[in-house]
Every structure is written in structure tokens, then in C-alpha cells.
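Chemist: This is a predicted model, with the sequence first.
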Amino acid sequence: MKKLLIALSLAAFATAQAGQPNILLILADDLGYHDVGFQGSEHIKTPNIDWLAKNGCRFTDGHVTASVCSPSRAGMMTGRYQQRFGHEGNCPPRPFGMDTEERTLGQALQSEGYRTALFGKWHLGDETHHYPTARGFDEFWGLREGSRTYWFNKKHAHDKPGDPRNIEHNGTQVEFKGHLTDCLTDQTLKYIEADSEKPFFVFLSYTAPHGPLQSKPEDMEALGTDDNYAGLIYGMDRNIGRIFQSLEKSGKLDNTMIWFLSDNGGTVKQSSNAPLGGMKGYKFEGGHRVPFVLYWKDKVQAGQSYAPMVSALDIYPTCLAAAGGSLEQPRPLDGHDLLPYILGETKDIPHEKLYWRKLDCAAVRDGQWKLIRVDNYGLALYNLENDLAETTDLAKRMPEKTQELNQLLEKWEIDKVEPPYDETLFWELERHYYHTQRIKTGVNPDMTPAVMKAIRKQAKEQGS
């Protein structure tokens, strides 16, 4: 009888797996909102990413939960606002990292029978108990922290033993040959082409086009440019094409759910977040509204454009529901399964409101209304329907609406925790300067070396 029950259980498990999609989550790093073809770029060619948008669903009001790398990834990986577990600051210093009591998307999919892998940037803690293979990934080939050079050089600090920007394979430093974007794709291809009866979940976390801006010369030549930023994006797109070809050749493309988005907005002078205002690091739309696409053949209508707000928080529940898992998780999710919304099974929208907070700056979206709060300054109010670039602060003209949104923000903050680590005074002053100058003038302030030097001097004087 026991053997029969085991056999029936295994048969049911196999049946469930047969209907489960493979899942590929592709995350760009610091990609400008405008800097892919389907978003309007003419000088940066991205035919493969554009193919995803043409044959999938494009979310035109899609957001990440932070305008910088680490907290943005924490929200996406858990399906929960990272403020629930104090992951607000960027670059968590040792011994801090993403709360190990939080369940990751990798762990959730492992429990549904998936084999899981992360190739690329982690940035959610350097300690052993924060390591990807302890947080839901069977295999990890990439870097623990931040950004690094795109070429291996044993004399460079990034490739010195013990540096958290080493490229590692499951805890062991490796030397790599060639451009890092190519190498990450090589590892991804190896994994998705391996024989296995299990479906795969691959988190392909490219470092492109984050600095240092080191493109392959061939990619710049293909674009007819000397712009390394554009070359990095083109090279990433070229590599995504290699993955499509492999999936199509193996017959897996038809049953692979593919996401593409950026972890935050663009920041270098070559990037463009048009028509949005702001950039990486700040609470304006250009910091956290990103290119955002979902492809799943015959499940998601090709060429669909979805206008209501969605969030990277929604990736966790959407993937888990597609895998047949329960959305009743150990800790409540803030994201929603997007499929019923984009398939027209409900007339509701996923999010009427979205929230952001990073230490001394916070924001809330309520439909087309946007409030930004800056400590030691005050509140700014924008109507994005009429002013998508956030050029005109309406706070003084509309004090009642301003207070209404501020109360929403304060109510949201009630059950959030105090972050266990801070950032330096320099970054606090830098954020204050950028936000206040842009609120006052309506344009992005020019953060020149002279301005940054003055902020450093001020931080040193106040810190002494």
C-alpha cells in the first residue's frame, strides 16, 4: 500500500511538472527607460528584446520597488516590499544582507519541482548564509556584489581572491575568458540545454549596461558608434538572441515564460529615461519606471500593451501561480498574479497605489497622482497625466491633495521596519541636493564634479 501511494504521488508530481512552464527572468542593470527599440530608441538596436515586446505583453507603467540595485532586487525576489524586512539601503555592508527568513522566488519554485539557477549579479548579501545557493538556487555563476569589469584581469581588484566582485561558481572563484555578458549567456545556455525532466527557472542577471562602460568593440562597430553604453545594450540583446535560438531549436520556447526588465533607470550621461523625469537613485519616474515585458506563447496575447500600474513585486506570484503553486506563502505577498488581469479575466487592476522609500526619501503613486517626500525639505506633488516628466510641483497649489497622499504614505509606513544599516552622509546629502533642486527647477540638476566635490566637503564638515 505504501509503495502504491508513493507511486501515485510521483505520478501526480510528474503530471504537474508536465504542465509547468520553464521560467526565464532576464534583468538588465541600469538600463535607461528609452534605451531599447520598443521604447523608442533609434540609435540603439535591440531586435531580440523588441521581438519579446512584439510577441508578448508590454507593461507601459511597470515599476521596480527601488531606484537602486540591491533593494530593487530584494523586492523582486521576495514579492514583498523590502521595507518589510529593512532592506532599504543600497550595497548592504557585511554582515547585512537580505533577511534569510524571507522566502525567495527560487525557493518557492524549488518547492514546485523546479531546478533553479542564477547567472550574473546577486547583490543581496556577501555572507555564506546569504549566498544564492543558500537562498533558492541550485547553481550560481556570477558575482556576489555590485558591478565589476567586463574582462578578467588577475591584476585588477575585482579579480583578487576574496573580492565580492569575483566571478564565482558555487562559491569557488573562476577565471573567465571573453566578455562577461557573453560568458553569462554561455553558462545560461549550458543550463537550459542540459537533459532534465524538471522545468527550469533561470534568473539571468546581466551586469550590462552598468558601468564600467566596457563594450566589445565588435558590438560598437555593429552599431556604427563609439558609445560603449550603446554597445553594452546591443551586446546584451545579441546574447538574448542566442538564448532564443537555443530555446527554439530545442522546442522549449513554446513553453517558456520570459520576463525582461531593468533593476532601475539609467544613470550615465549616454542613457535616456525620456519621456520620464529623473534617473537612477531618485524618486522621480525615471528612477523606478522601467522597460517591462512578459512573453509566454499562446498564454499571453502577442503585441499586447497593458496600461495600469504593475510592479516587479508581481513577478513572484505570477511565476508561482503559473507553476501551480499556492499564493498562500509563509509571509503575505505584496505582488499579484498578473495573468488574470492581462488575460481579461478580471476588470480590476493589480495596483491602485504603489510606494517607494529609501531612508530619507519616499514616494507614493495613487493612479496618476504622485507625491515625493524629502526629509528636511517637504513634499512635492505631480499629476502624471498632464506632467509625465514631473516638471511642475503642485503641492502649494493643491495642499488638500498633497496631504491626502502624504497620509497614504504614512499609513503604508506603519508596519514597515527600521532599516538595520544606513548609507553614508555623503549619499544622504547627494540625494537631498538632487531631489530639492529638481523639485524647484523641474529639470534634472547637472551633477558635475564640482557639485559632487562640494557635497563631499559638506559631508566631511558635518561628519567631523
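Modeler: Nice, thanks for sending it over.
Chemist: To which secondary structure element type does residue 155 belong?
Modeler: coil (DSSP: H, G, I helix; E, B strand; the rest coil).
Chemist: I'd like the distance between it and residue 149.
Modeler: Distance of residue 155 to residue 149, computed by CB to CB, to the nearest Å: 11 Å. Just so you know, the C-beta spots here come from the backbone N, C-alpha and C atoms, and that holds for glycine as well.
Chemist: higher neighbour count, these two?
Modeler: Using other CB atoms under 10 Å as the criterion, residue 155 and residue 149 rank with residue 149 on top: 16 against 6.
Chemist: Hmm, residue 157 and that one touching each other?
Modeler: No - taking contacts as CB atoms under 8 Å, residue 149 lies outside contact range of residue 157: 9.1 Å.
Chemist: pLDDT-wise, which helix or strand of the protein ranks last?
Modeler: Between all helices and strands in the chain, the lowest mean by mean pLDDT, DSSP states H and E belongs to helix 2-18, at a mean of 43.
Chemist: Check which element follows that helix along the chain.
Modeler: strand 22-28 (DSSP states H and E).
Chemist: Quick check: phi and psi on residue 205?
Modeler: phi -110, psi 80 (degrees, to the nearest 10).
Chemist: Quick one: residues contacting it.
Modeler: 27, 29, 73, 118, 119, 120, 121, 122, 142 (CB atoms under 8 Å, 6 or more residues apart in numbering).
Chemist: quick one: the third one is in a helix?
Modeler: Yes - applying three-state DSSP, one finds residue 73 inside a helix.
Chemist: pLDDT at it, what is it?
Modeler: Residue 73 is assigned 98 on the pLDDT scale.
Chemist: can I assume it is in contact with residue 120?
Modeler: No - Residue 73 is not in contact with residue 120 according to CB under 8 Å; the separation is 10.9 Å.
Chemist: overlap in contacts of those two?
Modeler: With CB under 8 Å, 6+ apart as the test, residue 73 and residue 120 both reach 27, 205.
Chemist: Which one of the contacts of residue 205 is nearest to residue 93?
Modeler: Nearest to residue 93 among those is residue 122, at 15.1 Å by CB to CB.
Chemist: In the stretch 301-450 of the chain, mark out all the helices, start to finish.
Modeler: 315-322, 339-342, 399-413, 425-441, 449-463 (DSSP state H, counting those that start in this stretch).
Chemist: got the phi/psi numbers for the nearest residue to residue 192 once chain neighbours are set aside?
Modeler: Spatial nearest neighbour of residue 192, excluding adjacent residues (CB to CB, 6 or more residues apart in numbering): residue 200 at 5.9 Å. Residue 200 has phi and psi values of phi -110, psi 150 when expressed as degrees, to the nearest 10.
Chemist: Tell me how far residue 200 lies from residue 138.
Modeler: In terms of CB to CB, residue 200 sits 10 Å off from residue 138.
Chemist: Which one of those two is surrounded by more residues?
Modeler: residue 200 (22 against 18).
Chemist: Return the distance of the more buried one relative to residue 182.
Modeler: 20 Å.
Chemist: what sits in contact with each of residue 200 and residue 138?
Modeler: 115, 116, 117.
Chemist: and the residue nearest the centre of the chain, what is it in contact with?
Modeler: Among the residues of the chain, the one closest to the centroid is residue 263, at 2.7 Å (CA atoms, centre = their mean). Counting by CB under 8 Å, 6+ apart, residue 263 touches 27, 28, 29, 30, 64, 69, 72, 73, 76, 290.
Chemist: let's see 7 Å
Modeler: 27, 29, 64, 69, 72, 73 (CB atoms under 7 Å, 6 or more residues apart in numbering).
Chemist: And for the third one, the neighbour number?
Modeler: Which is residue 64. Residue 64: 27 surrounding residues under other CB under 10 Å.
Chemist: Where does pLDDT dip in this protein?
Modeler: In the predicted model of the chain, residues 1-18, 464 satisfy pLDDT under 70.
Chemist: the domain parsing of it - what is it?
Modeler: If you go by automatic domain parsing, the domain ranges for the chain are 12-342, 353-463.
Chemist: Of those, flag the one that's most buried.
Modeler: For the domains of the chain, average neighbour numbers computed from mean count of other CB atoms under 10 Å are highest in domain 12-342, which has a mean of 20.
Chemist: How are the strands of the stretch 251-400 of the chain distributed by residue range?
Modeler: All strands of the stretch 251-400 of the chain, identified by DSSP state E, counting those that start in this stretch, fall at 256-262, 292-295, 304-306, 310-311, 353-358, 361-366, 369-374, 378-383.
Chemist: looking just at contacts, which helices and strands does the first one meet?
Modeler: In terms of contacts (3 or more CB pairs under 7 Å, 6 or more residues apart in numbering; DSSP states H and E), strand 256-262 is packed against strand 22-28, helix 47-55, strand 292-295, helix 315-322.
Chemist: Figure out which of those is closest to residue 92.
Modeler: With CB to CB as the criterion, residue 92 lies closest to strand 22-28 of the helices and strands packed on strand 256-262, at 18.1 Å.
Chemist: circling back to that earlier point, which of the shared contacts of residue 200 and residue 138 sits closest to residue 211?
Modeler: The nearest member of the shared contacts of residue 200 and residue 138 to residue 211, counting by CB to CB, is residue 117 at 25.8 Å.
Chemist: ok but the closest one is inside a strand, no?
Modeler: Yes - checked against three-state DSSP, residue 117 lies within a strand.
Chemist: doesn't residue 137 make contact with it?
Modeler: Yes - using CB atoms under 7 Å, residue 117 is in contact with residue 137, at 5.9 Å.
Chemist: Need the single longest helix in this structure, by residues.
Modeler: helix 228-250 (DSSP state H).
Chemist: roughly how far out does that one sit from the chain middle?
Modeler: Computed by CA atoms, centre = their mean, to the nearest Å, the separation of helix 228-250 from the middle of its chain amounts to 18 Å.
Chemist: Which neighbouring elements make contact with that helix?
Modeler: helix 47-55, helix 180-192, helix 217-223.
Chemist: got TSV for those helices, with distance to residue 248 too?
Modeler: Below are these laid out as TSV (distance: least, CB to CB, whole Å):
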stretch	distance to residue 248
helix 47-55	11
helix 180-192	12
helix 217-223	22
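Chemist: what's the distance between the residue nearest to residue 192 and residue 321?
Modeler: Applying CB to CB, the value for residue 200 to residue 321 is 18 Å.
Chemist: likewise residue 143?
Modeler: Counting by CB to CB, the gap from residue 143 to residue 321 is 31 Å.
Chemist: cool, residue 277 as well?
Modeler: From residue 277 over to residue 321 (counting by CB to CB), the distance is 34 Å.
Chemist: swap in residue 306?
Modeler: Counting by CB to CB, the gap from residue 306 to residue 321 is 17 Å.
Chemist: Kindly report the same for residue 96.
Modeler: 31 Å.
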